[in-house]
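Visitor: one predicted model, sequence on top.
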Amino acid sequence: MKLDAKIPSGPLAEKWERHKFDMKLVNPANKRKFDVIVVGSGLAGASASATLAELGYNVKCFCYQDSARRAHSIAAQGGINAAKNYQNDGDSVHRLFYDTIKGGDFRSREANVHRLAEVSANIIDQCVAQGVPFAREYGGHLANRSFGGAQVSRTFYARGQTGQQLLLGAYSALSRQIGLGKVQMYERTEMLDVVVSDGRAAGIVVRDMVTGKISSHAGHAVVLATGGYGNVFFLSTNAKGCNVTAAYRAYKKGAAFANPCYTQIHPTCIPVSGEYQSKLTLMSESLRNDGRVWVPKEAANCGKKPAEIAEEDRDYYLERKYPSFGNLAPRDISSRSAKEACDDGRGVGPGGLGVYLDFRDAIGRLGEQAVRDRYGNLFDMYERITGDNAYQTPMRIYPAVHYTMGGLWVDYHLQTTIPGLFCLGEANFSDHGANRLGASALMQGLADGYFVAPYTIGNYFASEKPAELSSDAAEFREVEEEVNERTNKLLSIKGERTVTSFHRELGRLVWDKCGMARNEKGLKEALKRIPELRAEFWENVNVTGTNGELNQNLEYAGRTADFLEFAEVLCHDALTREESCGGHFREEYQFTKDDPEVKSGYTNEGEAKRRDDKFAHVAAWEFKGVDKKPKLHKEKLAYEEVKMSTRSYK
Amino acid sequence: MKNLLSLVFNSTLGKKYLMALSGAAMFGFVIVHMLGNLLIFPGAEWLNDYAAKLKSVPELLWAARLGLLTAVVVHFATGWQLWMENRAARPDGYHRSENAGFGSTLASRVMIVSGTILTVFIVGHIFHFTVHWPNAGYADLHDEHGRHDVFAMVRDAFNKPQVVLFYLLGVGALCYHLSHGISALFQSLGLKTKRHEELIDLLAKVASIGLFIGFSLVPVAIATGFVK
Amino acid sequence: MNLTLKVWRQDNGEALGGFRVYEARDVDADMSFLEMLDVVNEGLIEKGEAPIAFDSDCREGICGTCSMVINGIAHGGHKGTTACQLHMRHFEDGDEITIEPWRAKSFPVLRDLVVDRGAFDRIIQAGGFVSINTGGAPDANALPISKTDADEAMDAAACIGCGACVAACPNASASLFTSAKVSQLAMLPQGRVERRERVINMVEQMDKEGFGACSVTRACEAVCPKEISVNHIARMNREYAKAVLAGGK
Ligand SMILES: Cc1cc2nc3c(=O)[nH]c(=O)nc-3n(C[C@H](O)[C@H](O)[C@H](O)COP(=O)(O)OP(=O)(O)OC[C@H]3O[C@@H](n4cnc5c(N)ncnc54)[C@H](O)[C@@H]3O)c2cc1C
Ligand code: HEM
Ligand code: HEM
Ligand code: SF4
Ligand code: F3S
Ligand code: FES
């Protein structure tokens, strides 16, 4: 396997423009001769499908939900970044680029990130033209807010439902193409494998989730836009159905998987309430603009009602440790600080896994009405779930897995190591390095789908010879056979344990050993335990029913089986990356009081310590067999524009 | 043109327009009719004069009757058609009946029932006072000016308790029908906006109760001997 | 708390369905309704029985996947709350809870509580969009839109396409859903260009799918988890009338 990022030459700011010119075009009359398969109808998949169809390609789009509009992008609350500088506060393409590189802790590709920042402005134009009702000022122009640690206001939003509105925009464009017959939409259809012929992606094998029928779809290119793998942790803010299956099966067919250990933990989620918990709910980060995070100074006070804890007995730890960012410190830092407080025995609520997010002072300063105007829907949501009124008592929050920066390795063209197989959105690893900034995932998904992949896929058609394979070909039959075999095996075990019990156990293991803080010992334990659990799964799982029916238990079993393999790749990556960066925190690699940076007051003791000399690379893993260690390939990261530095949010 | 007709007659929205427009026409009629009926209180002279004037230009009378008939027929036929289509849209109902219709009023759900009672009433009423069948004697009542003595006819009728009951039932059905119908009419015609919503709902209440009182006054006043 | 569940079970679209009774034991008040069902399903799987099939995905009230009629009320009858956000603290020990799928001709049952809402997608495909290709959009601030209009458009755009409006409407009408999209785009200058074709095509599709008509009962508004107002239906009616008066498409 050779990793060639195919980054165009030329000055950073001109690479994309020039490259767009250099790429080959498909003659308009020939476009209808090409079939593109898009798996996923989230921001990335829907925007790509619509745009490719508008260009004239024949598109087939797949999603596992009952409607394309329900992809998990719908759940994004906060907003989308764009370098519009409408606020005249000093934003620019370069600043967005710089912030993203720095936010990603210098583990992303400069060229990709710059392109992302460049096209960000077009995204907003496009969405507004589609009728996305972004928030506006009284003068009728678009409103912005600052988000997730950014010092400029570049985030566009639609109430607390930005993801929904952007997705519905993309969905409407997609729907239009479906109506015109240029896109064939397959809902409730799960992709179970890619078909590779002569080293090129030639199509996919899917299961109709209503009838159970396994069938094949051939295409000249296959695009995976299947979202993130956060559900490997069982509990996350992802939807129940989010899975790694599509990406993982592609990995097994030869696509490299990059940086799986970069997982983002979001600091403001509603804590777990019991054993039955099925998922976690995110409370928008915007709450941190006005809420103050604290825990009692003394563990002894944790049992008291918050109102009974005197001001001087409260530890506003973010304000204390990061005076200039305070409660708005970046996600990884806020999350880890909450964990530290809880590990210290000062967590609040059941199991001691929670910290307070307190609006008392904001209500005192602004009045309850103003707070209600800003966050009313979030307070309502909080009350619905917890039964508590956050106007009267502080919210309780705890970090939860939220986003996965890792994903299939892609080059500048968003093409994986399998020619003809492209990967967009959260499913790829491309732009966020080791940590994603708030409001940047929506931007990336739409950038990939509207403005990047449609060009690069055309270039693939025009400059290379895509696979030409009918879905009747033997290659498809073979893969269908594999898929059938696997399904039948799952159904025939009829053991003692439910799929959920395996998934939950796996999730807890990965969270404990490879969650907010990781160390060599824990990771090794996990790597020992995962194969055991997997073996038990394949001997003792109980999957009810048959294949020929709507069988949610079977769907879930297939996804969990993939998580059980994928978790190992994740832990291998975390173990191999002997440094701390962004969402990956290795306890062995943190600043100590003897480090000069701490002595000089530049950073704090306990902060993440990168090791640029050894780890300024992308770690791309190649599949070598289920019970074998995957093979590591490194793509060196070179920084020409931005100087690598230690992050400081003090 | 064919396309336009189809947009009205073959679409649910178009049919609702027909319902609302015919309903509005009938609403207009019943208001005028009620006001006319109230002329019984100033006395027979007024009422009979009014009735005679109404009938003095047969062309106008028949034009109005035709218009009204069209409204009734359209309203009736479309109402039933919609009702059947609406049933077909939900072949199997729910099994927990105590919450049936959660969030809606009963009046809004039983328009077809109140409407059908109204049909029976209207047919009966026309036979009773207009066609004078089976009580053929009404046609021969004339006052001293030779006009049809509507006053005497009405007085005679409402001295029978079963007739009063029939009328009160009819008027009650009308009131119930309109308590929902009037606000629905504005909604169906697309005239309801957030700003005027409350006003329209108020109008619906006032108008339907007003009609009930206005119409009931006559039979009640006669039955109780207030008008002799 | 302990509960008795009366759940609609139906193996597939063709099969005859019926109610089955299950006991839910030791239900925690902090559980969500769907988590309660998860626990019941775990018990069923352990016994080798088919778990109750129901749709859900985000479980935070935004994807619109969850869909069940709880005690005769779509989503269970708590203001602005989807079934997935409904928590068990609203129930009491010993309650009998009836759970049924959305029922409408246009939403055929696929299994148990799972229905096919493809009709909604087809309504959007008929016109719920602005015909703009990617690229070539003018600068986003080139077209100022009053905050009031933008806010009202957003009110309508908040629809999650769950179908509760259809499930609750005595006529199984899709008016609230359809009008939310018509209204959103009618409020915005971008959408006005195609307003006539849009409303006519979407209404035509809505009728073709076999949904009933709106008789203004407002049951839809009462269960809509996004509290979409029936005023949007009035706006759709207005748009339709204008379109017809202007000579159709
Ligand atoms: C609660 C929450 C809040 C967020 N808030 C923000 C925010 O404010 N700002 C921001 O920028 N980002 C936010 N994010 C992140 C962002 O929403 C996601 O990263 C982004 O939307 C992912 O889009 P996507 O198109 O890559 O994938 P998704 O939207 O997840 O779509 C995946 C698609 O793939 C399909 N699929 C998956 N597997 C298969 C399969 N095997 N077969 C067939 N189809 C399959 C699914 O059906 C779906 O259509 C948030 C995320 C969460 C969870
Ligand atoms: C208690 C209340 C009512 C009284 C006393 C009353 C009285 C009358 C009288 C006297 C006539 C005959 C007039 C004539 O031929 O000279 C008449 C006709 C009529 N009434 Fe009423 N009416 C009442 C209620 C209603 C209601 C509620 C409706 C409709 C919903 C209605 C509909 C009509 C119609 C359609 C005619 C026929 C008009 C025509 O000749 O074309 N009436 N009514
Ligand atoms: C002839 C007998 C009648 C029948 C069978 C009847 C039936 C109905 C039905 C079924 C509806 C509801 C339609 C729907 O929403 O789907 C309705 C609505 C209505 N009816 Fe009647 N009705 C009758 C008489 C009347 C009369 C006499 C009036 C007025 C005086 C009237 C006024 C209205 C109005 C205003 C509406 C509301 C229209 C709308 O929803 O837009 N109806 N009728
Ligand atoms: S209008 Fe309300 S109830 Fe209907 S689909 Fe939209 S969100 Fe659901
Ligand atoms: S419930 Fe049905 S009748 Fe109309 S107001 Fe809502 S669509
Ligand atoms: S599961 Fe997404 S709205 Fe209920």
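Guide: Cool, the structure landed. Ligands and ions are numbered 1, 2, ... in the order given.
Visitor: show the end-to-end separation of stretch A:430-439, please.
Guide: Terminal residues of stretch A:430-439 are spaced 16 Å apart (Cα to Cα, to the nearest Å).
Visitor: that stretch near ligand 1 at all?
Guide: Yes. Counting by Cβ under 6 Å from any ligand atom, ligand 1 is contacted by stretch A:430-439 at residue A:439. (C-beta placed from N, C-alpha, C; glycine too.)
Visitor: what is the mean pLDDT for that stretch?
Guide: Averaged across stretch A:430-439, the pLDDT comes to 93.
Visitor: do the same with stretch C:18-31
Guide: Stretch C:18-31 comes out at a mean pLDDT of 96.
Visitor: flag every buried residue along it.
Guide: C:22, C:24, C:27-28, C:30-31 (16 or more other Cβ atoms under 10 Å in any protein chain shown).
Visitor: of those, closest to residue C:101?
Guide: Nearest to residue C:101 among the buried residues of stretch C:18-31, counting by Cβ to Cβ, is residue C:22 at 16.0 Å.
Visitor: hang on, the earlier thing: make JSON lines out of the buried residues of stretch C:18-31 and add secondary structure and distance to residue A:459.
Guide: As requested, the buried residues of stretch C:18-31 are exported to JSON lines (DSSP: H, G, I helix; E, B strand; the rest coil; distance: Cβ to Cβ, whole Å):
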{"residue": "C:22", "secondary structure": "strand", "distance to residue A:459": "57"}
{"residue": "C:24", "secondary structure": "strand", "distance to residue A:459": "57"}
{"residue": "C:27", "secondary structure": "coil", "distance to residue A:459": "57"}
{"residue": "C:28", "secondary structure": "coil", "distance to residue A:459": "55"}
{"residue": "C:30", "secondary structure": "coil", "distance to residue A:459": "53"}
{"residue": "C:31", "secondary structure": "coil", "distance to residue A:459": "52"}
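Visitor: quick check: the farthest pair among the residues you listed?
Guide: C:22 and C:30 (20.8 Å).
Visitor: how far away is residue A:133 from chain B?
Guide: 17 Å (Cβ to the nearest Cβ, to the nearest Å).
Visitor: with adjacent residues omitted, what lies nearest to whichever residue of chain B sits closest to chain A?
Guide: Residue nearest to chain A within chain B: residue B:194 (16.7 Å; Cβ to the nearest Cβ). Closest residue in space to residue B:194, ignoring its immediate chain neighbours: residue C:231 at 5.1 Å, by Cβ to Cβ, 6 or more residues apart in numbering or on different chains.
Visitor: for the buried residues of stretch C:18-31, which one is nearest residue A:65?
Guide: residue C:31 (23.8 Å).
Visitor: which other residues reach the helix or strand of chain B with the lowest mean pLDDT?
Guide: Ranked by mean pLDDT, DSSP states H and E, the helix or strand of chain B with the weakest confidence is helix B:2-9, at a mean of 86. The contact list for helix B:2-9 (Cβ atoms under 8 Å, 6 or more residues apart in numbering or on different chains) reads B:14-15, B:17-18, C:200, C:244, C:247-249.
Visitor: was I right about residue A:408 contacting residue A:425?
Guide: No. Assessed by Cβ atoms under 8 Å, residue A:408 is found out of contact with residue A:425, at 10.6 Å.
Visitor: between those two, who's got more neighbours?
Guide: residue A:425 (33 against 29; other Cβ atoms under 10 Å in any protein chain shown).
Visitor: what pLDDT is listed against the residue nearest to residue B:194?
Guide: So, for residue C:231, pLDDT stands at 96.
Visitor: now it: how far from ligand 5?
Guide: With distances taken as Cβ to the nearest ligand atom, to the nearest Å, residue C:231 is found 10 Å from ligand 5.
Visitor: mind checking how far that residue is from residue C:92?
Guide: Residue C:231 sits 36 Å away from residue C:92, going by Cβ to Cβ, to the nearest Å.
Visitor: those two: which has the busier surroundings?
Guide: residue C:231 (21 against 10).
Visitor: from ligand 3, how far off is the more buried one?
Guide: 15 Å.
Visitor: name the residue of chain C that lies nearest to ligand 3.
Guide: residue C:215 (2.9 Å; Cβ to the nearest ligand atom).
Visitor: backbone phi and psi for that residue, please?
Guide: phi -110, psi 30 (degrees, to the nearest 10).
Visitor: what's the burial count for it?
Guide: 28.
Visitor: OK, contacts around it?
Guide: Here residue C:215 is in contact with B:16, B:82, B:86, B:108, B:111, B:184, C:170-171, C:173 (Cβ under 8 Å, 6+ apart).
Visitor: mind doing that once more with 7 Å?
Guide: B:108, B:111, B:184, C:171 (Cβ atoms under 7 Å, 6 or more residues apart in numbering or on different chains).
Visitor: nearest to residue A:621 among the residues you listed?
Guide: residue C:171 (56.1 Å).
Visitor: now that closest one. Nearest residue, chain neighbours left out?
Guide: Using Cβ to Cβ, 6+ apart, the nearest residue to residue C:171 is residue C:212, at 3.1 Å.
Visitor: what about the one you found, neighbour count?
Guide: 27.
Visitor: gap between it and residue B:119?
Guide: Taking Cβ to Cβ, one finds residue C:212 at 22 Å from residue B:119.
Visitor: could I get the contacting residues of the nearest residue to residue A:636 once chain neighbours are set aside?
Guide: Spatial nearest neighbour of residue A:636, excluding adjacent residues (Cβ to Cβ, 6+ apart): residue A:617 at 5.2 Å. Neighbouring residues of residue A:617 by Cβ under 7 Å, 6+ apart: A:634-637.
Visitor: for residue A:617, what are phi and psi?
Guide: Dihedral angles (degrees, to the nearest 10) for residue A:617: phi -150, psi 160.
Visitor: where do the strands sit along the stretch 551-650 of chain A?
Guide: A:617-622, A:631-636 (DSSP state E, counting those that start in this stretch).
Visitor: show the pLDDT at residue C:240.
Guide: 97.
Visitor: wait, it touches residue C:199, no?
Guide: Yes. Residue C:240 is in contact with residue C:199 according to Cβ atoms under 7 Å; the separation is 5.0 Å.
Visitor: more neighbours: which of these two?
Guide: Using other Cβ under 10 Å as the criterion, residue C:240 and residue C:199 rank with residue C:199 on top: 30 against 26.
Visitor: any idea how far the closest residue in space to residue B:16 that isn't next to it in sequence is from residue C:229?
Guide: Spatial nearest neighbour of residue B:16, chain neighbours left out: residue B:188 (4.3 Å); criterion: Cβ to Cβ, 6+ apart. Using Cβ to Cβ, residue B:188 is found at 16 Å from residue C:229.
Visitor: and those two? which has more neighbours close in?
Guide: residue B:188 (28 against 20).
Visitor: return the residues in contact with the more buried one.
Guide: B:16-17, B:19-20, C:216, C:237.
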